[in-house]
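Chemist: Got a predicted structure plus its sequence, pasted below:
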Amino acid sequence: MKHLLSVKDLGAEGINEVCRLADDFTEVLQRPIPKVPTLRGRTVAMLFYEDSTRTRLSFEVAARRLSADVMGFSVSSSSVNKGESVRDTVATISAMGTDVIVVRHRSAGVPHQVTAWTDAGVVNAGDGWHEHPTQALLDCYTIRDRLGTVAGRRIVILGDIKHSRVARSCVLAFTALGAKVTLVAPPTLLPPAPDSWPVDISLDLDEVLGDCDVVYGLRMQAERQFEALLPSLREYTAQWGLTVDRAARLHPGALIMHPGPANRGVEIASEVLDGPNSTTNEQVRHGVAVRMAVLYLMLGADSQPNQREDEA
Ligand code: NCD
(Lines give C-alpha, C1' and ligand atoms only; values in the text may rest on other atoms or scores of the structure.)
Protein backbone atom coordinates (compact mmCIF):
# COMPACT_ATOMS: atom_id res chain seq x y z
CA MET A 1 0.00 0.00 0.00
CA LYS A 2 1.57 3.29 -1.08
CA HIS A 3 -0.85 5.76 0.57
CA LEU A 4 -3.77 5.67 3.01
CA LEU A 5 -6.04 8.60 2.17
CA SER A 6 -9.48 7.04 2.58
CA VAL A 7 -11.03 3.90 4.04
CA LYS A 8 -11.93 3.18 0.40
CA ASP A 9 -8.21 2.54 -0.28
CA LEU A 10 -8.51 -0.57 1.89
CA GLY A 11 -11.97 -2.05 1.40
CA ALA A 12 -13.17 -4.89 3.62
CA GLU A 13 -10.19 -7.09 2.80
CA GLY A 14 -7.68 -4.35 3.64
CA ILE A 15 -9.45 -3.50 6.91
CA ASN A 16 -9.36 -7.16 7.92
CA GLU A 17 -5.68 -7.37 7.05
CA VAL A 18 -4.95 -4.30 9.22
CA CYS A 19 -6.87 -5.94 12.09
CA ARG A 20 -4.93 -9.22 11.74
CA LEU A 21 -1.62 -7.37 11.73
CA ALA A 22 -2.76 -5.27 14.69
CA ASP A 23 -3.20 -8.55 16.61
CA ASP A 24 0.51 -9.27 16.03
CA PHE A 25 1.46 -5.78 17.13
CA THR A 26 -0.77 -5.96 20.20
CA GLU A 27 1.33 -8.97 21.23
CA VAL A 28 4.51 -6.94 20.57
CA LEU A 29 3.20 -4.09 22.74
CA GLN A 30 2.73 -6.50 25.65
CA ARG A 31 6.39 -7.61 25.61
CA PRO A 32 8.80 -6.31 28.28
CA ILE A 33 10.51 -4.37 25.47
CA PRO A 34 7.51 -3.32 23.34
CA LYS A 35 9.49 -2.72 20.19
CA VAL A 36 10.45 -4.46 16.94
CA PRO A 37 13.27 -3.62 14.50
CA THR A 38 10.87 -3.84 11.52
CA LEU A 39 11.22 -0.27 10.21
CA ARG A 40 14.79 0.44 11.33
CA GLY A 41 16.34 3.07 9.05
CA ARG A 42 12.95 4.37 7.89
CA THR A 43 11.66 7.86 8.66
CA VAL A 44 8.09 8.94 9.38
CA ALA A 45 7.33 12.68 9.33
CA MET A 46 4.41 14.30 11.14
CA LEU A 47 2.83 17.23 9.30
CA PHE A 48 0.02 18.46 11.53
CA TYR A 49 -1.62 21.75 10.56
CA GLU A 50 -4.47 21.19 12.98
CA ASP A 51 -4.54 20.50 16.70
CA SER A 52 -4.17 16.93 17.81
CA THR A 53 -3.29 15.05 20.96
CA ARG A 54 -4.01 11.38 20.49
CA THR A 55 -3.67 10.93 16.74
CA ARG A 56 -0.28 12.61 16.58
CA LEU A 57 1.12 10.91 19.68
CA SER A 58 -0.29 7.59 18.52
CA PHE A 59 1.45 7.79 15.13
CA GLU A 60 4.69 8.84 16.82
CA VAL A 61 4.56 5.98 19.31
CA ALA A 62 3.61 3.52 16.54
CA ALA A 63 6.58 4.60 14.39
CA ARG A 64 8.99 4.38 17.34
CA ARG A 65 7.72 0.94 18.40
CA LEU A 66 8.63 -0.16 14.87
CA SER A 67 12.11 1.43 15.28
CA ALA A 68 11.49 4.10 12.62
CA ASP A 69 12.86 7.62 13.12
CA VAL A 70 10.24 10.30 13.68
CA MET A 71 10.44 13.80 12.25
CA GLY A 72 8.19 16.13 14.21
CA PHE A 73 6.71 19.27 12.81
CA SER A 74 4.80 21.87 14.70
CA VAL A 75 3.04 24.52 12.67
CA SER A 76 3.12 27.00 15.53
CA SER A 77 6.94 27.08 15.55
CA SER A 78 7.72 26.52 11.86
CA SER A 79 8.18 28.59 8.72
CA VAL A 80 4.45 28.16 8.06
CA ASN A 81 4.18 31.23 10.24
CA LYS A 82 6.41 33.04 7.74
CA GLY A 83 3.97 32.17 4.97
CA GLU A 84 5.56 28.99 3.62
CA SER A 85 3.13 26.98 1.50
CA VAL A 86 2.18 23.35 2.17
CA ARG A 87 3.92 22.44 -1.08
CA ASP A 88 7.25 24.01 -0.10
CA THR A 89 7.04 22.52 3.38
CA VAL A 90 6.43 19.07 1.89
CA ALA A 91 9.38 19.55 -0.50
CA THR A 92 11.61 20.50 2.45
CA ILE A 93 10.61 17.51 4.53
CA SER A 94 10.99 15.20 1.53
CA ALA A 95 14.46 16.55 0.71
CA MET A 96 15.64 15.49 4.14
CA GLY A 97 14.60 11.94 3.35
CA THR A 98 11.29 10.67 4.66
CA ASP A 99 9.45 7.50 3.79
CA VAL A 100 6.00 8.39 5.08
CA ILE A 101 4.35 11.75 5.77
CA VAL A 102 1.38 11.75 8.16
CA VAL A 103 -0.79 14.76 7.29
CA ARG A 104 -3.57 16.53 9.17
CA HIS A 105 -5.09 19.67 7.71
CA ARG A 106 -8.28 21.67 8.14
CA SER A 107 -9.06 21.42 4.40
CA ALA A 108 -10.44 18.30 2.73
CA GLY A 109 -8.15 16.90 0.04
CA VAL A 110 -4.80 18.23 1.29
CA PRO A 111 -3.32 14.74 1.95
CA HIS A 112 -4.28 13.79 -1.59
CA GLN A 113 -2.57 16.92 -2.93
CA VAL A 114 0.54 16.14 -0.90
CA THR A 115 0.95 12.84 -2.77
CA ALA A 116 1.69 14.84 -5.92
CA TRP A 117 4.51 16.73 -4.20
CA THR A 118 6.52 13.89 -2.67
CA ASP A 119 7.74 10.37 -3.36
CA ALA A 120 6.97 9.42 0.23
CA GLY A 121 3.84 7.51 1.19
CA VAL A 122 1.10 9.73 2.66
CA VAL A 123 -1.32 8.92 5.48
CA ASN A 124 -4.39 11.04 6.01
CA ALA A 125 -4.60 11.79 9.73
CA GLY A 126 -7.75 13.89 9.26
CA ASP A 127 -8.61 16.35 6.49
CA GLY A 128 -11.34 18.86 7.21
CA TRP A 129 -14.77 17.25 7.26
CA HIS A 130 -13.67 14.57 4.85
CA GLU A 131 -11.97 11.50 6.35
CA HIS A 132 -9.88 10.12 9.18
CA PRO A 133 -9.21 6.54 8.09
CA THR A 134 -6.96 5.35 10.93
CA GLN A 135 -9.59 6.41 13.49
CA ALA A 136 -12.14 4.19 11.73
CA LEU A 137 -9.64 1.32 11.62
CA LEU A 138 -8.96 1.46 15.34
CA ASP A 139 -12.71 1.64 15.94
CA CYS A 140 -13.27 -1.50 13.84
CA TYR A 141 -10.48 -3.18 15.77
CA THR A 142 -12.05 -2.18 19.10
CA ILE A 143 -15.49 -3.52 18.10
CA ARG A 144 -13.95 -6.76 16.80
CA ASP A 145 -11.98 -7.11 20.04
CA ARG A 146 -15.03 -6.56 22.28
CA LEU A 147 -17.83 -8.14 20.25
CA GLY A 148 -16.00 -10.66 18.06
CA THR A 149 -17.07 -9.21 14.70
CA VAL A 150 -18.23 -5.96 13.15
CA ALA A 151 -20.45 -7.81 10.65
CA GLY A 152 -24.12 -7.78 11.61
CA ARG A 153 -23.67 -5.28 14.47
CA ARG A 154 -26.19 -2.47 14.78
CA ILE A 155 -24.17 0.71 15.20
CA VAL A 156 -25.64 4.12 16.00
CA ILE A 157 -23.43 7.08 15.10
CA LEU A 158 -24.66 10.02 17.12
CA GLY A 159 -24.17 13.77 17.05
CA ASP A 160 -22.35 16.28 14.90
CA ILE A 161 -22.15 14.13 11.79
CA LYS A 162 -22.11 17.05 9.37
CA HIS A 163 -18.69 18.29 10.49
CA SER A 164 -17.20 14.91 11.29
CA ARG A 165 -14.50 13.26 9.23
CA VAL A 166 -14.60 10.46 11.79
CA ALA A 167 -18.25 9.77 10.92
CA ARG A 168 -17.48 9.59 7.20
CA SER A 169 -14.61 7.15 7.65
CA CYS A 170 -16.53 5.09 10.21
CA VAL A 171 -19.60 4.76 7.95
CA LEU A 172 -17.35 3.51 5.12
CA ALA A 173 -15.49 1.07 7.36
CA PHE A 174 -18.43 -0.27 9.40
CA THR A 175 -20.64 -0.81 6.35
CA ALA A 176 -17.76 -2.37 4.35
CA LEU A 177 -17.50 -4.97 7.12
CA GLY A 178 -21.25 -5.62 7.08
CA ALA A 179 -22.54 -3.61 10.03
CA LYS A 180 -25.92 -1.89 9.95
CA VAL A 181 -25.37 1.81 10.64
CA THR A 182 -27.95 4.36 11.80
CA LEU A 183 -27.07 8.06 11.94
CA VAL A 184 -28.81 9.99 14.70
CA ALA A 185 -28.56 13.78 14.80
CA PRO A 186 -30.60 16.95 14.75
CA PRO A 187 -31.50 17.79 11.13
CA THR A 188 -29.02 20.70 11.10
CA LEU A 189 -26.13 18.40 11.96
CA LEU A 190 -26.81 15.74 9.33
CA PRO A 191 -24.57 15.73 6.21
CA PRO A 192 -25.85 17.51 3.06
CA ALA A 193 -27.06 14.41 1.14
CA PRO A 194 -27.51 11.70 3.76
CA ASP A 195 -29.67 9.61 1.43
CA SER A 196 -26.60 8.83 -0.63
CA TRP A 197 -24.96 7.19 2.39
CA PRO A 198 -25.52 3.46 2.96
CA VAL A 199 -27.20 4.07 6.32
CA ASP A 200 -30.52 4.59 8.06
CA ILE A 201 -31.26 7.97 9.56
CA SER A 202 -33.20 8.82 12.68
CA LEU A 203 -33.87 12.06 14.49
CA ASP A 204 -34.92 10.26 17.65
CA LEU A 205 -32.20 8.76 19.80
CA ASP A 206 -34.62 7.25 22.29
CA GLU A 207 -36.27 5.25 19.52
CA VAL A 208 -33.07 3.45 18.45
CA LEU A 209 -31.28 3.17 21.78
CA GLY A 210 -32.70 -0.11 23.03
CA ASP A 211 -31.90 -1.85 19.80
CA CYS A 212 -28.20 -1.35 19.12
CA ASP A 213 -24.88 -3.00 19.91
CA VAL A 214 -22.76 0.15 19.72
CA VAL A 215 -23.46 3.85 20.25
CA TYR A 216 -20.69 5.93 18.71
CA GLY A 217 -20.83 9.48 20.08
CA LEU A 218 -19.16 12.35 18.22
CA ARG A 219 -17.73 15.56 19.54
CA MET A 220 -19.75 18.73 19.07
CA GLN A 221 -17.31 20.45 16.71
CA ALA A 222 -17.74 24.04 17.82
CA GLU A 223 -14.68 25.13 15.80
CA ARG A 224 -16.36 24.06 12.55
CA GLN A 225 -19.77 25.56 13.16
CA PHE A 226 -20.01 28.90 11.53
CA GLU A 227 -23.75 29.39 11.82
CA ALA A 228 -26.12 28.82 14.65
CA LEU A 229 -27.14 25.22 14.08
CA LEU A 230 -28.54 24.53 17.50
CA PRO A 231 -30.90 26.45 19.76
CA SER A 232 -28.56 25.80 22.71
CA LEU A 233 -26.16 23.17 23.96
CA ARG A 234 -28.48 22.42 26.86
CA GLU A 235 -31.33 21.55 24.50
CA TYR A 236 -28.95 19.47 22.43
CA THR A 237 -27.93 17.47 25.49
CA ALA A 238 -31.56 16.99 26.51
CA GLN A 239 -32.51 15.50 23.13
CA TRP A 240 -29.34 13.95 21.75
CA GLY A 241 -26.91 13.66 24.66
CA LEU A 242 -25.71 10.30 25.97
CA THR A 243 -26.99 10.87 29.47
CA VAL A 244 -26.87 8.43 32.40
CA ASP A 245 -30.59 7.67 31.89
CA ARG A 246 -30.13 6.83 28.23
CA ALA A 247 -27.03 4.72 28.86
CA ALA A 248 -29.08 2.69 31.34
CA ARG A 249 -31.50 1.78 28.55
CA LEU A 250 -28.82 0.17 26.37
CA HIS A 251 -28.30 -3.61 26.21
CA PRO A 252 -26.02 -4.63 29.08
CA GLY A 253 -23.16 -5.51 26.71
CA ALA A 254 -23.57 -2.57 24.33
CA LEU A 255 -20.47 -0.47 23.69
CA ILE A 256 -20.25 3.27 24.11
CA MET A 257 -17.57 4.66 21.84
CA HIS A 258 -16.15 8.15 21.31
CA PRO A 259 -13.08 9.18 19.29
CA GLY A 260 -12.09 11.85 21.81
CA PRO A 261 -11.67 14.58 22.72
CA ALA A 262 -15.10 14.56 24.42
CA ASN A 263 -17.07 17.54 25.70
CA ARG A 264 -18.09 16.05 29.02
CA GLY A 265 -21.65 17.00 29.89
CA VAL A 266 -22.52 18.04 26.30
CA GLU A 267 -22.64 15.03 23.95
CA ILE A 268 -21.84 12.54 26.70
CA ALA A 269 -22.16 12.55 30.50
CA SER A 270 -18.95 12.15 32.47
CA GLU A 271 -20.29 9.05 34.24
CA VAL A 272 -21.09 7.43 30.89
CA LEU A 273 -17.70 8.27 29.40
CA ASP A 274 -15.95 6.78 32.43
CA GLY A 275 -18.38 3.87 32.82
CA PRO A 276 -17.80 0.16 32.17
CA ASN A 277 -19.38 0.14 28.68
CA SER A 278 -17.20 2.98 27.45
CA THR A 279 -14.32 1.92 25.21
CA THR A 280 -12.62 5.31 24.87
CA ASN A 281 -9.35 4.28 26.50
CA GLU A 282 -9.29 0.97 24.64
CA GLN A 283 -9.76 2.86 21.38
CA VAL A 284 -6.69 4.95 22.18
CA ARG A 285 -4.71 1.87 23.21
CA HIS A 286 -5.63 -0.05 20.07
CA GLY A 287 -4.76 3.00 17.98
CA VAL A 288 -1.04 2.33 18.44
CA ALA A 289 -1.18 -1.30 17.22
CA VAL A 290 -3.47 -0.34 14.33
CA ARG A 291 -1.17 2.50 13.20
CA MET A 292 1.80 0.13 13.47
CA ALA A 293 -0.10 -2.16 11.11
CA VAL A 294 -0.71 0.69 8.67
CA LEU A 295 2.95 1.80 8.69
CA TYR A 296 4.00 -1.81 8.28
CA LEU A 297 1.76 -2.26 5.25
CA MET A 298 3.25 0.90 3.71
CA LEU A 299 6.92 0.27 4.46
CA GLY A 300 7.58 -3.13 5.92
CA ALA A 301 6.74 -5.57 3.18
CA ASP A 302 10.26 -7.06 3.27
CA SER A 303 10.32 -7.72 7.00
CA GLN A 304 8.52 -9.80 9.60
CA PRO A 305 5.97 -7.74 11.52
CA ASN A 306 6.77 -9.25 14.90
CA GLN A 307 10.45 -10.08 14.72
CA ARG A 308 12.18 -9.85 18.10
CA GLU A 309 14.57 -7.05 18.90
CA ASP A 310 17.40 -9.51 19.64
CA GLU A 311 16.89 -11.36 16.33
CA ALA A 312 17.49 -8.32 14.13
C1 NCD B 1 -11.12 13.52 15.96
C2 NCD B 1 -10.51 14.37 14.90
O3 NCD B 1 -9.66 15.22 15.16
O4 NCD B 1 -10.88 14.14 13.77
N5 NCD B 1 -10.31 13.21 17.02
C6 NCD B 1 -9.41 12.20 16.91
O7 NCD B 1 -8.63 12.14 15.97
N8 NCD B 1 -9.43 11.25 17.86
C9 NCD B 1 -12.46 13.90 16.33
C10 NCD B 1 -12.70 15.29 16.84
O11 NCD B 1 -11.86 16.17 16.78
O12 NCD B 1 -13.82 15.48 17.28
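Modeler: Perfect, I can see it now.
Chemist: and whichever residue of the chain sits closest to the ligand, what does it touch?
Modeler: In the chain, the residue that lies nearest the ligand is Arg219 (3.4 Å; C-beta to the nearest ligand atom). Any C-beta I mention is one placed from the backbone N, CA and C, and that applies to glycine too. The contact partners of Arg219, taken as C-beta atoms under 8 Å, 6 or more residues apart in numbering, are 159-160, 164, 258-263, 267.
Chemist: How about Phe25?
Modeler: Applying C-beta under 8 Å, 6+ apart, the residues contacting Phe25 are 65, 288-290, 292-293, 296, 305-306.
Chemist: Make JSON lines from those and add distance to Gln135 and neighbour count to it.
Modeler: JSON lines is the format used below for the contacts of Phe25 (distance: C-beta to C-beta, whole Å; neighbours: other C-beta atoms under 10 Å):
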{"residue": "Arg65", "distance to Gln135": "19", "neighbour count": "22"}
{"residue": "Val288", "distance to Gln135": "13", "neighbour count": "25"}
{"residue": "Ala289", "distance to Gln135": "14", "neighbour count": "25"}
{"residue": "Val290", "distance to Gln135": "9", "neighbour count": "27"}
{"residue": "Met292", "distance to Gln135": "15", "neighbour count": "33"}
{"residue": "Ala293", "distance to Gln135": "14", "neighbour count": "28"}
{"residue": "Tyr296", "distance to Gln135": "18", "neighbour count": "25"}
{"residue": "Pro305", "distance to Gln135": "22", "neighbour count": "20"}
{"residue": "Asn306", "distance to Gln135": "24", "neighbour count": "17"}
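Chemist: Now, those residues that are in strands?
Modeler: With DSSP state E as the criterion, strands contain none of the contacts of Phe25.
Chemist: Same list (the residues you listed) but as JSON lines, adding pLDDT and distance to Thr98.
Modeler: Shown next, in JSON lines, are the contacts of Phe25 (pLDDT from 0 to 100; distance: C-beta to C-beta, whole Å):
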{"residue": "Arg65", "pLDDT": "98", "distance to Thr98": "18"}
{"residue": "Val288", "pLDDT": "98", "distance to Thr98": "20"}
{"residue": "Ala289", "pLDDT": "98", "distance to Thr98": "23"}
{"residue": "Val290", "pLDDT": "98", "distance to Thr98": "21"}
{"residue": "Met292", "pLDDT": "98", "distance to Thr98": "18"}
{"residue": "Ala293", "pLDDT": "98", "distance to Thr98": "20"}
{"residue": "Tyr296", "pLDDT": "97", "distance to Thr98": "17"}
{"residue": "Pro305", "pLDDT": "77", "distance to Thr98": "21"}
{"residue": "Asn306", "pLDDT": "75", "distance to Thr98": "25"}
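Chemist: Dump those residues to JSON lines, plus distance to Cys212.
Modeler: Formatted as JSON lines, the contacts of Phe25 follow (distance: C-beta to C-beta, whole Å):
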{"residue": "Arg65", "distance to Cys212": "34"}
{"residue": "Val288", "distance to Cys212": "28"}
{"residue": "Ala289", "distance to Cys212": "26"}
{"residue": "Val290", "distance to Cys212": "23"}
{"residue": "Met292", "distance to Cys212": "30"}
{"residue": "Ala293", "distance to Cys212": "28"}
{"residue": "Tyr296", "distance to Cys212": "33"}
{"residue": "Pro305", "distance to Cys212": "34"}
{"residue": "Asn306", "distance to Cys212": "35"}
